[in-house]
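Asker: Only the shape, not the letters, is given here:
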């Protein structure tokens, strides 16, 4: 799924959002796994993108991006309070 421009960056366009961090973690995990010795416990661990989203606390951010991709409007959790 494509994200809108800047969806993975904070407003400063320098730091990743929580969703951006989840994407980065998922994108680099294979290279990181290969850097561990063969017998290292983390070498066998492979997370799904959804697991990275939960670990980064980006569930509501992902909901907003998915809704936008579907043409619907969604607000992040806690918005409008």
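Answerer: Yes, it's here. Only a predicted model underlies this, so the values are computations on that prediction, with no experimental measurement involved.
Asker: all helices of the chain, in order?
Answerer: 18-35, 49-56, 59-69 (DSSP state H).
Asker: Of the ones you listed, which is nearest residue 42?
Answerer: Among the helices of the chain, the nearest to residue 42 by C-beta to C-beta is helix 18-35 (6.9 Å). (Glycine included, C-beta is placed from N, CA and C.)
Asker: ok and the closest one relative to helix 59-69, angle-wise?
Answerer: 110 degrees (axes from the mean of the first three to the mean of the last three C-alpha atoms, to 10 degrees).
Asker: in helix 18-35, what's buried?
Answerer: 18, 19, 20, 21, 22, 23, 25, 26, 29 (16 or more other C-beta atoms under 10 Å).
Asker: Counting by contacts, list what that helix packs against.
Answerer: Packing partners of helix 18-35 (3 or more C-beta pairs under 8 Å, 6 or more residues apart in numbering; DSSP states H and E): helix 49-56, helix 59-69.
Asker: I'd like those helices laid out as JSON lines, including distance to residue 9.
Answerer: Converted to JSON lines, the helices and strands packed on helix 18-35 look like this (distance: least, C-beta to C-beta, whole Å):
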{"stretch": "helix 49-56", "distance to residue 9": "14"}
{"stretch": "helix 59-69", "distance to residue 9": "12"}
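Asker: Reformat the ones you listed as TSV; add mean pLDDT and distance to residue 7.
Answerer: Listed next are those as TSV, based on pLDDT from 0 to 100; distance: least, C-beta to C-beta, whole Å:
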stretch	mean pLDDT	distance to residue 7
helix 49-56	97	13
helix 59-69	89	6
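Asker: quick one on the thing from earlier: mind putting the buried residues of helix 18-35 into TSV with distance to residue 64 and pLDDT?
Answerer: Converted to TSV, the buried residues of helix 18-35 look like this (distance: C-beta to C-beta, whole Å; pLDDT from 0 to 100):
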residue	distance to residue 64	pLDDT
18	11	96
19	9	95
20	13	96
21	16	97
22	13	97
23	14	95
25	19	96
26	18	97
29	24	96
